[in-house]
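Colleague: Here is my input; please provide its structure:
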Amino acid sequence: MKLSARVRGDWFAVPCKGGESVKWLGEETLRRYYKAKSSSGHAIEKVFEVRKAKGGAILDQDDAIKHVLDDNDFVTVVLDSDMSSPVTGPAEPVYVEEKIPEASVETAREYLSLDGNSLSLDDLVRLGKGHYLIKMTVDAEQKVQKARDLLEDIVDKNKLVYGITTGFGKFARVNVEKDKLNELQENLIRSHAAGVGPPLSPERTRMLLALRINVLTKGYSGISMANLKKYIKAFNASCLPWIPEKGTVGASGDLAPLSHLALGMMGEGKMWSPKSGWADAKYVLEFNNLEPIQLGPKEGLALINGTQLIAALGAEALERAESISRQADVVAAFTLDVLKGTTRAFDSNIHSIRPHKGQIDVASRLRSLLHSDTHPSEIAESHRFCDRVQDAYTLRCCPQVHGIVNDTIDFVKGILTTEINSATDNPMVFADRMEIISGGNFHGEYPAKALDYLAIGVHELANMSERRIERLVNPAYSELPAFLTPEGGLNSGFMIAHCTAAALVSENKVLCHPASVDSLTTSAGTEDHVSMGGFAARKCLRVVEHVEQVIAIELLSACQAMEFLRPLKSTPPLEEVYKLVRSVVGPWTRDRYMAPDIEAATKLLQEEKVWYKVKPFIDNYHSQQHVETRVFSPTAIGRPEGPVPKRRKTTSLSRRN
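Modeller: Next up is the predicted model:
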């Protein structure tokens, strides 16, 4: 057996037969540690405990190694003197949360062929989740090899080309000797791996790695086939380097994050895999039978120029925005029904004379969910002949406001789809022209601007939702008990849940300030305009997360409002949503710990379970009902027969235009 053991950040390969005890393993590791450092202090040090590196399980020191560890396992040896103290703080190793279940990675069997031109955003997200392995197309292999042949010919002829035989940025005029070109590329990776902050999750790192592979397969980077295949093997084994999320200005591309990616592939820094958890990159690669990359001329530059961090985070933000936008329509419909609103504002004639695609789609979706001949609502029937003419804007104007969010998502999807299939290196290798040209495709302004726009657009879903929550909890608007609690005063009900929604919406208003309107000159004036796209992407993700949480609070509030309208029922699709929520969150008869309920509802939305519940009903409505149901309106000419309209309690706000 061979084990990898860590002491105070240093790793040691410790061979053993397996019959030795865990105590022996700790002492042998300590011996090797002091042999590597010096002999001083060895006599006074003692092993306190031995832990598995993955998960941190403490091993019984009397157990035989073969009974508790597998070949090539990773362990951490904690010494007596490593224990926490008021001065030094805790010394136990910090274990990073593993966000990709091992099973989801190991069960991937299907290959996705990459050619640099046809990757979809949906497939990219699925690559991040471990649903696919990667392989190259034959055509892509030929293009990559052709570009590399040209580059090596240029090096052999000692031609002066930026980034290949010269330095970088301000050092573009400094010629580098031929025997130091490999060192030039290695130095580039090490010096540019200067990111800070928490690491990207394994899922996001997989997306980043997949995107970089996709760009390289286009055949304009000059990467060697050997190193590109090592990247692909690392992806397929889920060997994922430690990549801090902060440090890119988005031109010349995402240099710092992509340098950390390349650094791990060189066997330096830290790396994660499902089998090992976090450990030194060289040991993770070795454990997964992978070899570190060996950089030749231009290869370091080929691995780090590009907008792949912006695009990867942007793809996740877009997917989640698309998901929550659909479900925001469902939750808004639920709120409208329990507030006894009217569906007349969603009449198709209204939207056909202002024919924005998103607006028309949202109105159609709302009609399919609310009271109709196909999906009747007892709640709607209960106030059928009231004289309310119109509802508040956050109910009446959902097609107009939610609609532009849908159109924004479609626009951003087009930008990002182009971006993830674009060559974003510099310089570009044009093998057919036998030429290498410096350009600016690495600049992240396109995805940066698009993601700033997406954040502004999707934020409005929460802006509308928070106002609808206010209408649900405020008895002046809802005609329901204050804060949706049956015994107000003794109980506070949804009072502070609404405050949480308000806080998130307010925070989003600051986060929606565009990152891409800023620029700071870097590289001694050579890079004098940058996109700040990395921050745009991270902000956008945070905005989407807040929107999910606000919509979850509205969903809980609408379900609680339903309790006060029983035994009346809403439409069949909305009743299914109610049942779904009640399967994880019960009604509030008195105050209880609310945060877990908000988290549970948020998870339902993130997993799209609300959408999956109503989608069959929406499809059924459109297949069954060819003429839309037009309910009674007190302003319609030729009022249908029925009871005399009853006056409905209204406020001055509800009577305004």
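
Colleague: And the contacts of stretch 443-456?
Modeller: With contacts defined as C-beta atoms under 8 Å, 6 or more residues apart in numbering, stretch 443-456 is touched by 250-254, 307, 310-311, 314, 317-318, 321, 408-409, 411-412, 415-416, 418-419, 508, 511-512, 514-517, 529-534, 536-537, 539-540, 543-544. The C-beta positions use only the backbone N, C-alpha and C, and glycine is treated the same way.

Colleague: I'd like to know the average pLDDT value across it.
Modeller: Regarding stretch 443-456, the rounded mean pLDDT is 97.

Colleague: repeat for stretch 202-214
Modeller: Summarised as a single mean, pLDDT over stretch 202-214 is 96.

Colleague: gap between stretch 21-34 and the chain center?
Modeller: Relative to its parent chain, stretch 21-34 has a centroid offset of 41 Å by C-alpha atoms, centre = their mean, to the nearest Å.

Colleague: Please identify the buried residues of it?
Modeller: Judged by neighbour count using 16 or more other C-beta atoms under 10 Å, the buried positions of stretch 21-34 are 21-30, 32-33.

Colleague: would you put the C-alpha positions of it in CSV?
Modeller: Only the C-alpha atoms of stretch 21-34 are listed here, as CSV (Å, rounded to 0.1, in the frame of the first residue of the first chain):
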residue,chain,number,x,y,z
SER,A,21,-1.3,0.3,13.0
VAL,A,22,-2.6,3.8,12.5
LYS,A,23,-0.3,4.9,15.3
TRP,A,24,2.7,3.6,13.4
LEU,A,25,1.5,5.6,10.3
GLY,A,26,1.4,8.8,12.4
GLU,A,27,4.8,8.3,13.9
GLU,A,28,6.4,7.3,10.5
THR,A,29,4.9,10.4,8.9
LEU,A,30,6.3,12.5,11.7
ARG,A,31,9.7,10.9,11.2
ARG,A,32,9.7,11.7,7.5
TYR,A,33,8.6,15.2,8.2
TYR,A,34,11.5,15.9,10.5
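
Colleague: quick thing: my sequence starts at 49, can you match it?
Modeller: That works, and once the first residue is 49, the last one we named lands at stretch 69-82.

Colleague: residue contacts, residue 175?
Modeller: Residue 175 neighbours (C-beta under 8 Å, 6+ apart): 160, 182, 254-255, 258.

Colleague: Show only the entries of those found in strands.
Modeller: Those of the contacts of residue 175 mapping onto strands are 160, 182, per DSSP state E.

Colleague: now the contacts of residue 175: which count as buried?
Modeller: Buried among those by 16+ other C-beta under 10 Å: 160, 182, 254-255, 258.

Colleague: Using CSV, lay out those together with distance to residue 311.
Modeller: Below are those laid out as CSV (distance: C-beta to C-beta, whole Å):
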residue, distance to residue 311
160, 26
182, 21
254, 17
255, 18
258, 18
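
Colleague: right, and out of those residues, which lies closest to residue 276?
Modeller: The shortest gap between residue 276 and any of the buried ones among the contacts of residue 175 belongs to residue 182, at 10.7 Å (C-beta to C-beta).

Colleague: any idea of the pLDDT on the closest one?
Modeller: 97.

Colleague: So it versus residue 258, what's the distance?
Modeller: Counting by C-beta to C-beta, to the nearest Å, the gap from residue 182 to residue 258 is 6 Å.

Colleague: what does residue 549 give?
Modeller: For residue 549 relative to residue 258 (C-beta to C-beta), the value is 35 Å.

Colleague: wait, residue 670 sits on residue 417?
Modeller: No: using C-beta atoms under 8 Å as the test, residue 670 is too far from residue 417 to be in contact (11.6 Å).

Colleague: who has more neighbours, the two?
Modeller: The residue with more neighbours, out of residue 670 and residue 417, is residue 417; 29 against 14, by other C-beta atoms under 10 Å.

Colleague: where do the contact lists of residue 182 and residue 258 overlap?
Modeller: 162, 175, 283.

Colleague: Can you lay out the residues you listed as CSV showing secondary structure?
Modeller: Formatted as CSV, these follow (DSSP: H, G, I helix; E, B strand; the rest coil):
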residue, secondary structure
162, strand
175, helix
283, helix
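
Colleague: Residue 507: which of these is nearest?
Modeller: For the shared contacts of residue 182 and residue 258, the nearest to residue 507 is residue 175 (27.9 Å; C-beta to C-beta).

Colleague: With residue 264 as the reference, measure out to that closest one.
Modeller: Distance of residue 175 to residue 264, given as C-beta to C-beta: 15 Å.

Colleague: got it, and residue 667?
Modeller: 41 Å.

Colleague: Which of these two has more residues huddled nearby?
Modeller: Between residue 667 and residue 264, counted using other C-beta under 10 Å, the more crowded position is residue 264 (27 against 11).

Colleague: Please name the residues that touch that one.
Modeller: Contacts of residue 264 by C-beta under 8 Å, 6+ apart are 164, 192, 271, 276, 279, 350-351.

Colleague: And residue 405, by the same measure?
Modeller: 451, 454-455, 458.

Colleague: Assign residue 550 to helix, strand or coil.
Modeller: helix.

Colleague: just checking, it touches residue 513?
Modeller: No: in this structure residue 550 lies outside contact range of residue 513 using C-beta under 8 Å: 10.7 Å.

Colleague: Which residues are in contact with the residue nearest to residue 164 when sequence neighbours are not counted?
Modeller: Distances taken as C-beta to C-beta, 6 or more residues apart in numbering place residue 266 nearest to residue 164, at 3.2 Å, with adjacent residues excluded. By C-beta under 8 Å, 6+ apart, the contact set of residue 266 is 163-165, 188, 191, 471.

Colleague: From the residues you listed, keep the buried residues only.
Modeller: The buried subset of those (16+ other C-beta under 10 Å) comprises 163-164, 188, 191, 471.

Colleague: Tell me where the model's unsure across the stretch 399-548 of the chain.
Modeller: Along the stretch 399-548 of the chain, segments meeting pLDDT under 70 span 435, 437.

Colleague: what about 90?
Modeller: Within the stretch 399-548 of the chain, the ranges that satisfy pLDDT under 90 run 431-438, 474-475, 483-484, 486.

Colleague: Can you show me the helices along it?
Modeller: 405-417, 426-430, 441-444, 446-468, 493-521, 523-526, 543-559 (DSSP state H, counting those that start in this stretch).

Colleague: domains of the protein?
Modeller: Domain assignment of the chain by the TED database yields the ranges 50-130, 158-353, 362-564+578-672.

Colleague: Can you lay out those as CSV showing distance to residue 572?
Modeller: Converted to CSV, these look like this (distance: least, C-beta to C-beta, whole Å):
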stretch, distance to residue 572
domain 50-130, 35
domain 158-353, 4
domain 362-564+578-672, 14
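
Colleague: now for the ones you listed, which one comes closest to residue 679?
Modeller: Of the domains of the chain, nearest to residue 679 by C-beta to C-beta is domain 362-564+578-672, at 5.9 Å.

Colleague: give the contact list for the residue nearest to the spatial centre of the chain.
Modeller: In the chain, the C-alpha nearest the mean C-alpha coordinate belongs to residue 364, at 4.0 Å (C-alpha atoms, centre = their mean). Going by C-beta under 8 Å, 6+ apart, residue 364 touches 173, 176, 252, 255, 589.

Colleague: State the distance from the third one to residue 492.
Modeller: It stands for residue 252. 17 Å.

Colleague: Just want to know which of these two has more residues nearby.
Modeller: Taking other C-beta under 10 Å, residue 252 and residue 492 do not tie; residue 492 has more neighbours (32 against 21).

Colleague: Angles on the backbone of the more buried one, please.
Modeller: Residue 492 adopts backbone torsions of phi -90, psi 20, taken as degrees, to the nearest 10.

Colleague: what do you get for residue 58?
Modeller: For residue 58, the backbone dihedrals (degrees, to the nearest 10) come out as phi -100, psi 140.

Colleague: wouldn't it be in contact with residue 82 here?
Modeller: No: if you go by C-beta under 8 Å, residue 58 and residue 82 don't touch, sitting 10.7 Å apart.

Colleague: what do those two both touch?
Modeller: Counting by C-beta under 8 Å, 6+ apart, residue 58 and residue 82 have no common neighbour.

Colleague: which residues are in contact with stretch 514-523?
Modeller: Identification of contacts with stretch 514-523 by C-beta under 8 Å, 6+ apart yields 380, 383, 386-387, 440, 442-443, 525-526, 528-532, 541-543, 545-546, 549-550, 552-553, 598, 601-602, 605-606, 609.
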